[in-house]
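**Student:** just to be clear, the model below is a prediction. Sequence and coordinates:
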Amino acid sequence: MSKQTIQMQRRGQRLECTSPVWVDLLEAVPEGVDLNVSITRARSNRQNGTYWGALAWLITDGPERIGKTWLTKDELSDALQLEVGFVRQIRLANGLTYAVPKSKNFEECSQDTFNAYFEAAQRKLIEWCGYDPVAAYLEHMAGRLRRAA
């Protein structure tokens, strides 16, 4: 069986699926078979969506300098990571050391680590923009939801 991730919550000595989607995936596993279970704390999908959404919004609707300097949310994210030190160090054979953005992948980056990065990135964005762009993005999205309702 291939590796799958199913989000669950602990209820006493049992694990319960947190969504009908996870129930469907779990029910696809035959009953009575032994499973290897690795337990990691789930990352916040909402926070992750806010991070990437705010960066994309900044490229198109933020200060003009942001959109002219970085053309995509991925480029802006890389720049933020280098600026705040969320990096891996790579030493080459010639002795030079380079910093490259560290992985924010859910499997490799814990919620606590991402929280610290998110806060540092937000401080850097406030410095670059002169206002809190995450709060502005969330307000923008709330306005879209109100208009759609």
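**Tutor:** Sure thing, it's come through.
**Student:** ranking helices and strands of the protein by mean pLDDT, which lands last?
**Tutor:** helix 20-27 (a mean of 80; mean pLDDT, DSSP states H and E).
**Student:** tell me what that helix is packed against?
**Tutor:** Applying 3 or more Cβ pairs under 8 Å, 6 or more residues apart in numbering; DSSP states H and E, one finds that helix 20-27 contacts no other helix or strand. C-betas here are computed from N, CA, C, even on glycine.
**Student:** who does whichever helix or strand comes after it touch, helix- and strand-wise?
**Tutor:** Moving toward the C-terminus from helix 20-27, the next helix or strand (DSSP states H and E) is helix 45-61. If you count contacts as 3+ Cβ pairs under 8 Å, 6+ apart, helix 45-61 packs onto helix 64-69, helix 73-84, helix 111-129, helix 133-148.
**Student:** could you dump those helices to CSV with mean neighbour count?
**Tutor:** Converted to CSV, those look like this (neighbours: other Cβ atoms under 10 Å):
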stretch, mean neighbour count
helix 64-69, 12
helix 73-84, 17
helix 111-129, 16
helix 133-148, 13
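**Student:** and the least confident helix or strand of the chain, how far from the chain's centre?
**Tutor:** From the chain centre to the centre of helix 20-27 is a distance of 23 Å (Cα atoms, centre = their mean, to the nearest Å).
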